[in-house]
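Undergrad: Here you go, sequence then predicted model.
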Amino acid sequence: MDTDHNPDSILVKANGVGKQVNGPGGNLTILQDVSLQLASGEVTAILGASGSGKSTLLGLLAGLDETSSGDIELFGTSLNSLNEDQRAALRAGKVGFVFQSFQLLPGMTALENVMLPLELAGVSHPAEGATEALRQVGLTDRLHHYPGQLSGGEQQRVAIARAFASGPKLLFADEPTGSLDQATGSRIIDLLFQMREQTGAALLLVTHDERLAARCDHRLQIENGQLESSA
Amino acid sequence: MNTFVLALRFLRRDWRSGELRLLVLALIIAVSAVTAVGFFTDRVEQAMILQANQVMAADLVLSSSRPVPESFEQQAEALGLRTAHTLSFPSVIMHRDETQLVEVKAVSRGYPLRGELRVRTQPSAEEQSVTEPPIPGNLWGEARLMAALGLQPGDQVSLGETNLALEQILSRDSALGNSFFRLGPEVLIALEDIPKTGLVTPASRVRYRLLVAGDQTQVEAFQRWTGSRLPRGVRLEHLSSARPELRNTLDRGSRFLSLAALVAVLVAGATVALSTRRFVERQSDTSAIMRCLGASQSLILRVLLLRLLLLGLLASLLGIAGGWLAQYILAGLLSDWFGGTLPPPTPWPVLVGLGTGLITLIGFTLPPALRLGAVPPLRVLRRDLGAPPASTWLLALCALGAMALLMRWQAGDATLAGWVLLGTLGTVSLLLLVAWALIHLLRPLRHRGGTLWRQGLSGLLRDPAMTALQLSGFGLGILAMLLLVIIRVDLLDAWQRTIPERAPNHFLINIQPEDAETMGEFFRQQQIEQAGIYPMLRARLTRINASPVSPDQYQDDRAQRLVEREFNLSWAVEPQKENHIVSGHWWDASNQESPLFSVETGIAETLGIKLGDKLSFDLAGVPIEAEVSNLRQVRWDSFQPNFFVIGTPALLRDHPTNYITSFYLPPGQEALLAQLVKQYPSVTIIDVSAIMQQIREIMQRGSLAVEYVFLFTLAAGLLMLYAGIQASREHRRQESVVLRTLGMQRKGLIQAAGIEFITLGMLAGTLASLCATVTGWFIATEVFGFAFQPNAWTAIIGILGSGIAIGLAGVLATWPLTVQPPLRMLQNR
């Protein structure tokens, strides 16, 4: 993986990261000695089979969980030194997420779902920003629909609008097309890349889809909890 | 960021999504139940304060069953105070051949010293305020007297031996203190007319009052002066002591209603806890996503708590409004007893409602709600990660704490609150235990019968803890209702059956000795069966052995009252038929000329009188003393004249006395009463059947009111059923999808739900019937003292009614799951 970046432009940096959990059969190693970095504006794919540890790595890089060993720096701050609330504060307004299962809040309309990160970031007129984000994903006529009233593709577009609404520097995407048919999945990926390009955010994408990985600047292969290769 | 704004936005979304509607509804029911009772008792309290202010028609009243010594009036006048006299007693007014029991109040000039009199000249005429009472020869009566006797102003009526003209309709005597539970309408006459009526003799039951009013410092000076000079039997009444016995009764009544309302709070609290649990589960995703997007744990908790608090406030306000409306029905059921209209309440119940809402909310939601902060953000990637469930013990402890706080508040007494809490805990534990056993009895039945039966029963066995909780909730509501039905119908009927068919229904008191001799002949002529005629003397107990008797020696209220007032003594050669000597011996020819007493066992126990004790009485100033030679058991419900203390003829026959008797008047022979009053004008007739009817009505109306309060419990129970269904909704939805995909028709799903909920209802009904029957038996044997005949109909109605009601509610609640196509439900998951 590219390491020639200006240190100031590095958004995420992992150094010898490992993750172990207690399972019924004793300690289970999920990740082992993973080192990587991601600079502003870069698009990196982490490829791997089911159970290879790629989602765990994404969670650790985003500060959603704690490492068992090694260190991760997010926006230049070591996550090891932060508690969960401090990690959350570090993410606020600067990190966007797109998940396989969309993770929209069922009790909220599309607009309200997109407003949420803006509200948390303390943006003064969250509805305006959210409406604009939904316009960009082509859902102007679905603002007041609830997730249950939207198709899978539409739900993922709402999730993309939510991810970009607060103008994040960094976007994490976990199998964004995993719950969609091929045609819809392609359209969603097009939209995701198009939005990323417009905003210039860095994107770390976890997928098992080779074609999707091929569109990224860098590819990292993960197998049995270890990074095998990079491109 | 602004937590309040965010909380408000979330709240709007919560409301729209319906997530917290159950919680709000449960709180509304809880607060409505408590405030309905609160508003009502507050209004009664207001009425009492209003009445207490005017009830005395004076600043101070000296009251006694004998004339108040003149020295008191002289002292009051010497201090520059105004005085007036009243004399009241029950009697009978006669017009043509009709009679009516009335409360006679004879008053002197100048009455009332405080408050006012209002009269009308005609029923439809305008009310007028007057400053002077009726002049001699005239009588003022309340409208209901006119209605009862068909009187018109100007008509002549008989009172005792004199005739009086009904001059005015008395619409308001501010000193109508006895409007609570009064036996008859009041009539006001001039004190000067009393001798002409011939109704008041030294042995009559009358209450003399000296009214005093004036400048506050002089009133206080007078009060100080009376302090040590007050003779026994003379009571000083001032504002704060007005009608203490009524205040106690109402205090107890309102506490009971308040505690009954707390049962609804308990059941509603369970619903609040259930819906919070579900809410927290559903909010876990929101919480995880918010944490992903940068929200801190404290922000999530603050937003959540603020939402709950705002909801609690909103629900409490709605509950208070509900309680305000509901109290009108309660007032409608009971207001007759409080003189018709009640004044508006104070704002206090509003605070009680808000307090109840918030305490219930905090007690039942806090432990599960606080777990929401512990949802890890990683849940967005791993759905299996959620908030660890709140400890059951912590949950129970918090709920118990809230209930204890509410009970302490409502009972106003820590000991009572402690007992009620223990009782509630015991009942709930017992219900849970029996519910658990019943559910386990169902298990083997599951494998019998067809698919629908199996499907229905598996609904109950899916989550036995939840089913047990629901069973207990309903059980509690139905138990409360059944118990009241048992008391109102079964026990009252059974009690009435214990009274002999031709038991005396009228008592005659104040029979003069010369009338006593001819009265037997009168009844024989009229072919009326009459109980014996008994001498009756009034005396005050002064000593037991050597020690003087005073109320302070006794803790028991009843003992204090007995010592304070005068006893009815009698003398007899033979014991009465229903009296049974339990220790010692009745006197015979050998010792009936000795001074001896026979004492009723109940009063002996209350006052600590034993066989062989020497009792001293003050009989109109004459001391008498005798030894207790036997203790008697008396059946008071025989409706025969009976006495606490009977002396030997030698001891009492030479003292001034009047007589008492009772008789059975067959229906339709009421004209005889008029004849009786005409022939014996000094006699007072007491219609016991009317009193019994009144007692019956008080018990029926009282239990109706409590049943009404328990309706809130039932509503809370139904809501809990719905909350339970909601909690298992995901499961039901999955089952419904699979069953319908496999070809089960909607009708089948509804039938299975019907089987599930009808069984649940019938189990709850069985549980409640069992507990109600056991409690009914306990009350019958221990409180009323007769054998209890369980009424099968109460149990049948309890079981079937609850089966139908809960079955219907359950089917209606599951209906939405059966009407959606399976595919849409799959998509919505």
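TA: Cool, got the structure.

Undergrad: ranges for the helices of the stretch 651-800 of chain B?
TA: With helices called from DSSP state H, counting those that start in this stretch, the stretch 651-800 of chain B shows them at B:671-679, B:688-727, B:729-741, B:746-778, B:792-819.

Undergrad: Go through those and name the closest to residue A:41.
TA: Checking the helices of the stretch 651-800 of chain B against residue A:41 by Cβ to Cβ gives helix B:729-741 as the closest, at 43.0 Å. To be clear about C-beta, it is placed using only N, CA and C from the backbone, and glycine gets the same treatment.

Undergrad: Let me see the mean pLDDT of that closest one.
TA: Helix B:729-741 shows a mean pLDDT of 75.

Undergrad: Then stretch B:597-610?
TA: pLDDT averaged over stretch B:597-610 gives 90.

Undergrad: and residue A:74, how many residues sit next to it?
TA: Taking other Cβ atoms under 10 Å in any protein chain shown as the criterion, the count of residues near residue A:74 is 23.

Undergrad: That one and residue A:32: what is the separation?
TA: According to Cβ to Cβ, to the nearest Å, residue A:74 and residue A:32 sit 21 Å apart.

Undergrad: and if you look at residue A:200?
TA: 33 Å.

Undergrad: Settle it for me: which of those two has more neighbours?
TA: Neighbours per residue (other Cβ under 10 Å) separate residue A:200 from residue A:32, with residue A:32 holding more: 18 against 10.

Undergrad: re earlier: let me have the helices of the stretch 651-800 of chain B in CSV, adding distance to residue B:407 as columns.
TA: As requested, the helices of the stretch 651-800 of chain B are exported to CSV (distance: least, Cβ to Cβ, whole Å):
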stretch, distance to residue B:407
helix B:671-679, 50
helix B:688-727, 15
helix B:729-741, 33
helix B:746-778, 20
helix B:792-819, 27
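
Undergrad: Kindly state which of the ones you listed is positioned closest to chain A.
TA: helix B:729-741 (12.3 Å; Cβ to the nearest Cβ).

Undergrad: quick one, phi psi at residue B:635?
TA: When read as degrees, to the nearest 10, the backbone of residue B:635 gives phi -90, psi 100.

Undergrad: Same check on the one 5 residues further on?
TA: Main-chain torsions, residue B:640, degrees, to the nearest 10: phi -90, psi 150.

Undergrad: Phi first, then psi, for the residue of chain A most remote from its centre.
TA: Distance from the centre of chain A peaks at residue A:25, with 31.2 Å (Cα atoms, centre = their mean). With angles defined as degrees, to the nearest 10, residue A:25 sits at phi -100, psi 20.

Undergrad: need the longest helix for chain A.
TA: helix A:182-199 (DSSP state H).

Undergrad: if you look at the very next helix or strand once past that helix, does any of it touch chain B?
TA: The helix or strand immediately downstream of helix A:182-199 is strand A:202-207, counting by DSSP states H and E. No - Strand A:202-207 stays out of contact with chain B when judged by Cβ under 8 Å from any Cβ of the partner chain, the minimum separation being 9.4 Å.

Undergrad: Now do the contacts for residue B:586.
TA: By Cβ atoms under 8 Å, 6 or more residues apart in numbering or on different chains, the contact set of residue B:586 is B:574, B:575, B:598, B:629, B:630.

Undergrad: Rebuild those as JSON lines, extending it with neighbour count and distance to residue B:279.
TA: Listed next are the contacts of residue B:586 as JSON lines, based on neighbours: other Cβ atoms under 10 Å in any protein chain shown; distance: Cβ to Cβ, whole Å:
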{"residue": "B:574", "neighbour count": "11", "distance to residue B:279": "77"}
{"residue": "B:575", "neighbour count": "16", "distance to residue B:279": "72"}
{"residue": "B:598", "neighbour count": "26", "distance to residue B:279": "71"}
{"residue": "B:629", "neighbour count": "22", "distance to residue B:279": "75"}
{"residue": "B:630", "neighbour count": "19", "distance to residue B:279": "72"}
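
Undergrad: Widest-spaced pair of those residues?
TA: By the measure Cβ to Cβ, B:574 and B:629 form the most distant pair in these, at 14.3 Å.

Undergrad: Check what pLDDT residue 173 gets.
TA: Just so you know, I chose chain A. 91.

Undergrad: if you could check chain B rather than the one you did, that'd help
TA: Here the pLDDT value assigned to residue B:173 is 72.

Undergrad: Residue B:696 now?
TA: On pLDDT, residue B:696 comes in at 65.

Undergrad: One more: residue B:240?
TA: At residue B:240, pLDDT is 53.

Undergrad: Tell me the residues on chain B that lie near chain A, please.
TA: So chain B meets chain A at B:1-2, B:6, B:9, B:13-14, B:16-17, B:19, B:282, B:285-286, B:289-299, B:376-378, B:380-383, B:827-828 (Cβ under 8 Å from any Cβ).

Undergrad: Drop anything exposed from those.
TA: Neighbour-count burial (16 or more other Cβ atoms under 10 Å in any protein chain shown) applied to those gives B:1, B:6, B:9, B:13-14, B:19, B:282, B:285-286, B:289-297, B:299, B:376-378, B:380-381.

Undergrad: mind pulling up the phi and psi values for residue B:166?
TA: phi -80, psi 110.

Undergrad: Give the pairing partners of the helix or strand that contains residue B:568; include direction for each.
TA: Residue B:568 belongs to strand B:567-571 when assigned by DSSP H and E. The strands that strand B:567-571 pairs with in its sheet are strand B:534-544 (antiparallel), strand B:645-647 (parallel) (by DSSP bridges).

Undergrad: most packed of the ones you listed?
TA: With neighbours defined as mean count of other Cβ atoms under 10 Å in any protein chain shown, the strands paired with strand B:567-571 peak in mean count at strand B:645-647, which reaches a mean of 27.

Undergrad: hang on, residue B:170 is in a strand, isn't it?
TA: Yes - under DSSP: H, G, I helix; E, B strand; the rest coil, residue B:170 sits within a strand.

Undergrad: any weak-confidence spans in chain A?
TA: A:1-5, A:7, A:229-231 (pLDDT under 70).

Undergrad: can you do 80?
TA: For chain A, residues meeting the criterion pLDDT under 80 lie at A:1-8, A:23-25, A:105-108, A:120-122, A:178-180, A:228-231.

Undergrad: what does it have sitting close to chain B?
TA: Going by Cβ under 8 Å from any Cβ, the residues of chain A near chain B are A:55-56, A:58-59, A:62, A:64-65, A:84-85, A:88-95, A:97, A:99, A:101, A:103, A:105-108, A:112, A:116-117, A:119-122, A:148, A:166, A:174.

Undergrad: report the angle between the axes of the longest helix of chain A and strand A:202-207?
TA: Taking axes from the mean of the first three to the mean of the last three Cα atoms, to 10 degrees, helix A:182-199 and strand A:202-207 form an angle of 160 degrees between their directions.

Undergrad: Pull the distance from helix A:182-199 to the chain's centre.
TA: 14 Å (Cα atoms, centre = their mean, to the nearest Å).

Undergrad: Which secondary structure elements does it sit against?
TA: For helix A:182-199, the packing partners by 3 or more Cβ pairs under 8 Å, 6 or more residues apart in numbering or on different chains; DSSP states H and E come out as helix A:152-165.

Undergrad: roughly how far apart are residue B:561 and chain A?
TA: Distance of residue B:561 to chain A, computed by Cβ to the nearest Cβ, to the nearest Å: 64 Å.

Undergrad: Over to residue B:493?
TA: 55 Å.

Undergrad: likewise residue B:279?
TA: 10 Å.

Undergrad: same deal with residue B:45?
TA: 45 Å.

Undergrad: Which residues are in contact with the residue at minimal distance from the centre of chain A?
TA: With the centre of chain A defined as its mean C-alpha position, the nearest residue by Cα atoms, centre = their mean is residue A:172, 1.2 Å away. Contact analysis of residue A:172 by Cβ under 8 Å, 6+ apart lists A:58, A:61, A:62, A:95, A:96, A:97, A:98, A:204, A:206.
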